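Undergrad: Fold the stuff below for me.
(one chain, ligands or ions: 1)
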Amino acid sequence: MGTIPLVDLKAQHRQIADEVQRGFAAVLENTSFILGKEVAAFEQEYSAFTQVPHTVGVANGTDALELALRAVGVGRGDEVILPANTFIATALAAERAGAKVVLVDCDPTWQLIDVAEVEKRLSKKVKAVMPVHLFGQCAAMEKLTPLAQAAGAHLVEDAAQSQGARRNGASAGSFGAAAGTSFYPGKNLGAYGDAGAVLTSSAELAKKVRALRNYGSETKYFHPETGFNSRLDTLQAVVLSAKLKRLAGWNEQRRAAAKRYDELLAPLSQVQRPSTMPGNEHVWHLYVVRVANRDAVLKKLQESGVGAGIHYPVPVHLQGAFAHLGHKAGDFPAAEKAAHEILSLPMFAEITPAQQEQVADALKKAL
Ligand SMILES: Cc1ncc(COP(=O)(O)O)c(C=O)c1O
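TA: Numbers count the residues shown, from 1 in each chain. Here you go, the predicted structure:
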């Protein structure tokens with residue numbers, strides 16, 4: 001029995017290797033490394049895929065979130081509400097935009113941002129709310145939208161883990177003023193290095209982000225505002241276009257794999273399986289179970305060659321980087337409980353039933 005990685009990028013590369021090689025060769029030939037036509041082409045293709053009118057390719061997901069926040073006007077003195085149980089980058093983006101991070105707990109079932117907690121923290125100071133579409137499914141946007149609107153706050157979605165996900169038929173990234181997504185290699189749509197994008201329905205916001213990603217400039221050497229150097233590389237756009245053609249199929253394969261895990265793990269009473277919030281079309285970026293003695297189980301799984309992981313072991317409020325917020329253990333009980341119990345099992349489109357059986361067997365033994 002072989003080892004099973006958490007994500008198998010090699011299996012995916014084999015499917016697109018020729019196309020990528022041809023695309024790279026064309027870019028090398030015409031040397032359009034920065035904002036070449038492949039970037040614009042991918043932006044249009046991704047917009048067609050998500051049905052969000054504007055996609056602006058940037059250097060990574062963290063920048064995408066920061067630029068989206070800045071584009072909607074978030075700056076010094078503003079508050080930004082986001083969940084305590086997210087990848088640190090959501091919070092970093094808000095802090096880097098100059099805002100004060102205001103954390104809230106998640107719900108205990110899906111670990112999505114707790115809408116009632118958001119409602120409690122909304123005030124005139126809050127300029128944006130950042131729901132995270134965690135593990136591949138959308139937060140309850142239909143509840144957040146009227147709350148944010150009433151409070152005069154923008155919704156900026158963290159759509160890094162939700163490429164292709166839908167809620168009540170609409171795409172992740174289509175609900176808020178803007179969204180940021182990440183094409184980090186292990187994402188459902190992953191580049192061959194760092195990459196990300198801002199999505200928005202607003203032509204005006206898209207224009208702002210295009211300037212912000214390019215030194216704050218629309219016309220070469222004229223800089224009316226302070227910007228960044230954060231562009232999607234042309235070579236990464238080649239990879240992303242090749243993968244995007246296959247993404248819907250890969251997400252379908254992930255759903256089938258999630259269903260197989262559900263069946264294989266059903267007899268294991270100590271394992272709490274993940275579920276889909278009603279109204280969501282899940283894309284299973286991660287298949288996250290919960291077990292009581294997680295650290296021991298994880299160790300045994302890894303010893304038996306199963307590349308399980310934890311997303312994430314320490315919530316934002318207990319990270320040194322956010323110690324200045326003054327939180328302590330116990331402040332966000334649902335997020336903290338999840339951090340102790342969650343376990344991500346290997347999940348990628350190409351995972352085989354035999355590999356999943358091996359994971360289930362290893363988990364059973366580890367328990
Ligand atoms: C939820 C979430 N937000 C933000 C990011 C940041 O993206 P990146 O690593 O491309 O900067 C990631 C992924 O890494 C993520 O999973």
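Undergrad: P224 reaches G216, doesn't it?
TA: Yes - in this structure, P224 is within contact of G216 by CB atoms under 8 Å, at 6.8 Å. For every residue, glycine as well, the C-beta is placed using N, CA and C.
Undergrad: For these two, indicate the residue with more neighbours.
TA: For P224 versus G216, neighbours defined as other CB atoms under 10 Å are more numerous around G216 (16 against 10).
Undergrad: which non-adjacent residue is nearest the more buried one?
TA: Distances taken as CB to CB, 6 or more residues apart in numbering put G227 closest to G216, at 2.5 Å, once the chain neighbours are dropped.
Undergrad: Quick check: residues of the chain near the ligand?
TA: Contact residues, the chain versus the ligand (CB under 6 Å from any ligand atom): 60-62, 86-87, 89-90, 132, 158, 160-161, 182, 184, 194, 196.
Undergrad: C-terminal to the longest helix anywhere in the chain, which secondary structure element comes first?
TA: Using DSSP state H to define each element, the chain has its longest helix at helix 234-265. Next helix or strand after helix 234-265 toward the C-terminus (DSSP states H and E): strand 280-281.
Undergrad: thinking again about what came up before, which of the residues of the chain next to the ligand lies closest to V102?
TA: V102 has its nearest neighbour among the residues of the chain next to the ligand in T90, at 12.2 Å by CB to CB.
Undergrad: surely the closest one meets L82?
TA: Yes - using CB under 8 Å as the test, T90 is close enough to L82 to be in contact (5.2 Å).
Undergrad: Show me the common contact partners of these two, please.
TA: With contacts defined as CB atoms under 8 Å, 6 or more residues apart in numbering, the residues shared by T90 and L82 are M130, V132, D158, V316.
Undergrad: Of the residues you listed - the most surrounded one?
TA: The residue in these with the most neighbours, by other CB under 10 Å, is D158 (31 neighbours).
Undergrad: From G98, how far off is that residue?
TA: The span separating D158 from G98 equals 18 Å under the rule CB to CB, to the nearest Å.
Undergrad: Likewise for A258?
TA: Counting by CB to CB - A258 and G98 are separated by 39 Å.
Undergrad: who's more crowded, these two?
TA: For A258 versus G98, neighbours defined as other CB under 10 Å are more numerous around A258 (21 against 15).
Undergrad: so who does the more buried one touch?
TA: Listed by CB under 8 Å, 6+ apart, the contact set of A258 reads P274, H282, W284, Y287, M347.
Undergrad: between the residues you listed, which is nearest G309?
TA: When the contacts of A258 are compared against G309 (criterion: CB to CB), the nearest one is M347, at 9.9 Å.
Undergrad: what about the closest one, how many neighbours?
TA: Here the number of neighbours of M347 (other CB under 10 Å) works out to 24.
Undergrad: what's the helix or strand for it?
TA: Going by DSSP H and E, M347 is not in any helix or strand.
Undergrad: Return the set of residues that bridge with the residue nearest to it when sequence neighbours are not counted.
TA: Distance criterion CB to CB, 6+ apart; nearest residue to M347, sequence neighbours excluded, is Y287 at 4.4 Å. For Y287, the residues forming beta bridges with it (DSSP bridges) are L345.
Undergrad: Can you name the residues that contact the residue of the chain found nearest the ligand?
TA: Minimum separation of the chain from the ligand (CB to the nearest ligand atom) falls at G61, amounting to 2.4 Å. Applying CB under 8 Å, 6+ apart, we find G61 in contact with A89, A160, G180, T181, S182, F183, Y184, G196.
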